[in-house]
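1. Next one to model:
(2 chains)
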Amino acid sequence: MLLKFFRFAKGYVTFTASGKFPERFLNAAAVNKLNLWDAYPSKGKITATMAAADYKRARHIAQRAGLKLKITSKRGVPFFVKRHSSRLGLPIGALLGAVLLVVLSQFIWTVDITGAKTVSDNRIREALADNGVYPGAFKWTIDVLDSQRAVQMDIDELSWVSINNLGCKSTADVREKAKKSDEPKSQSPCNIKADCDGVITKIIAENGFSAVEEGSGVKQGDLLVSGVLPTGQDTIRFVRAEAEVYADVNSKFELKMPKEYDYYYVNENKTNRNKLNFLWLSIPASLNFTAYPQSVSSQNRVNLSVNGNALPLGITTQTSYELRNISVKENSEKAQQAFEKTLLLYEVFENPSASVKSREITLTEDETSFNFTCDYTLNRNIAQSVEFDVTEH
Amino acid sequence: MKNQQKNPRPPMLDAGFQPLIEMTGNRQICVEGSTGILLYEPENIKINTTGPIISFYGRGLSVRCITASSVEVFGYVNKVEFIS
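-> Numbers count the residues shown, from 1 in each chain, chains lettered A, B, ... in the order given. The predicted model follows:
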């Protein structure tokens, strides 16, 4: 195989030697140290192959031996180059290709992120870019150790970052910090106190001595269930009071809504603009000059990939949507409907465990706005554990 | 001198200028000590050597490689003849 390669690189010719006693040519070639191979005899002639460079000498030898040589085929690199010497573009293209390959292999083409579970890839990508690891970065200027450390400092949730530059691909392998387990439940003695004013409706005491009764009114900070238990021997015992104490509590929610406001919505008009990305370069690739006075936009970047390897060549499509502005005037009825929807959200998200006993909406309005107030009576657990020092008693 | 007397040269090397013929089955023959090819046909190749003329008979015979002192013959050899 290697011999064939070298023969091809140097070039070889296949020829026929015809005349009387063609074997004389073989002998003469051997004496003159001409390397012949694949010499096959046929009637009155010999077909053989030899290096192209030796052929001139072989012709003289054949003449002396009274033979005539005729080339039947020429193969190898020298003949290929000669045949295509008029096509200057080929060697120039090959040279440019080689130069391009060498130059481009000095840059990072793609950045891959592995191991991220809760931290988004985009956030890690941004942190990597801030610290010099991005598509188009010159490979030899990246200080991997520094970048690793900086990315770990930038993103608190990461416990370990490893950046591996292999060829033109940079892979950032990350590990996230393990979440802290819930703090173990304290075993020190405590009282249950009221976290706000209210009227007790139900007491579910699991441990401790109940200091209030159903129906009694309490203020914020009042003792509800005591963690100090008297024993039969005129002594006291400290326990950790555990109880759920439900009470009717008053709550107020206020909201101010303007009577007139500007409302923006996305119109059906949109414009797509394409950009060609090559490493760090971004070249506009569409001639769309439509501009909206107010707009929002989204970007979608698609990179070419070969066999799963992303290339540093891609297209970014930026879509701009026109924003229309209208002035909305609200009347009290619509404003109240909007307020009631807001109240629902307040009840679900702000007081998810409370049940609403009563709700009273008051509306006052001035020149510019509607002022809503909602007075609630909520039934909820007001128990709050407050630890105490046993030396106080 | 004593060593040479104790260990005389093997008889093969005492053949002087006789050619060395190496055959691999009847397919490949290497003749060292050749001085030229006298006849080159697919059925018969005659090689002149420092000793006798060696004639190979068979079919599809060809010279794969030739140098000033050796010839390598390929093909199906049926008969080898020494002509002195």
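
2. Give the next helix or strand downstream of the helix or strand where A:Phe349 lies.
-> Under the criterion of DSSP states H and E, A:Phe349 resides in helix A:332-350. Next in sequence after helix A:332-350, counting helices and strands by DSSP H and E, comes strand A:355-365.

3. ok, and what's touching that next one?
-> A:248, A:259, A:332, A:335-336, A:339-340, A:343, A:347, A:370-380 (Cβ atoms under 8 Å, 6 or more residues apart in numbering or on different chains). Quick note: C-beta positions are derived from backbone N, CA and C, even for glycine.

4. hmm, which of these are the buried ones?
-> A:248, A:259, A:335-336, A:339, A:343, A:347, A:370, A:372, A:374, A:376-380 (16 or more other Cβ atoms under 10 Å in any protein chain shown).

5. and the next element down the chain from the lowest-mean-pLDDT helix or strand in chain B?
-> Taking mean pLDDT, DSSP states H and E as the measure, chain B has helix B:2-6 as its least confident helix or strand, at a mean of 52. Next helix or strand after helix B:2-6 toward the C-terminus (DSSP H and E): strand B:20-24.

6. What's the mean pLDDT across that following strand?
-> Throughout strand B:20-24, pLDDT has a mean value of 93.

7. Which ones among the contacts of strand A:355-365 also lie next to chain B?
-> The subset of the contacts of strand A:355-365 within reach of chain B, by Cβ under 8 Å from any Cβ of the partner chain, is empty.

8. Spatially central residue in chain B, please.
-> B:Val31 (2.9 Å; Cα atoms, centre = their mean).

9. Which strand or helix spans it?
-> Assigned by DSSP H and E, B:Val31 falls in strand B:28-32.

10. partner strands of that strand, parallel or antiparallel?
-> strand B:20-24 (antiparallel), strand B:70-83 (antiparallel) (DSSP bridges).

11. Output it as PDB, restricted to C-alpha atoms.
-> This file holds the C-alpha atoms of strand B:28-32, laid out as PDB (Å, rounded to 0.1, in the frame of the first residue of the first chain):
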ATOM      1  CA  GLN B  28       6.800 -17.900  -6.900                       C
ATOM      2  CA  ILE B  29      10.400 -18.400  -7.700                       C
ATOM      3  CA  CYS B  30      13.300 -16.200  -6.800                       C
ATOM      4  CA  VAL B  31      16.600 -16.700  -8.600                       C
ATOM      5  CA  GLU B  32      19.600 -15.000  -7.200                       C
END
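
12. mind listing what's buried in it?
-> B:Ile29, B:Cys30, B:Val31.

13. residues in contact with the last one?
-> When the contact criterion is Cβ under 8 Å, 6+ apart, the partners of B:Val31 are B:Pro19, B:Leu20, B:Ile21, B:Glu22, B:Ile47, B:Thr49, B:Ile54, B:Ser70, B:Val71, B:Glu72, B:Val73.

14. wait, what's in contact with the residue lying closest to it once chain neighbours are set aside?
-> Nearest residue to B:Val31, sequence neighbours excluded (Cβ to Cβ, 6 or more residues apart in numbering or on different chains): B:Val71, at 4.9 Å. Taking Cβ under 8 Å, 6+ apart as the contact definition, B:Val71 lies against B:Cys30, B:Val31, B:Ser34, B:Ile37, B:Ile47, B:Val63, B:Cys65.

15. Many thanks, I have nothing further to ask.
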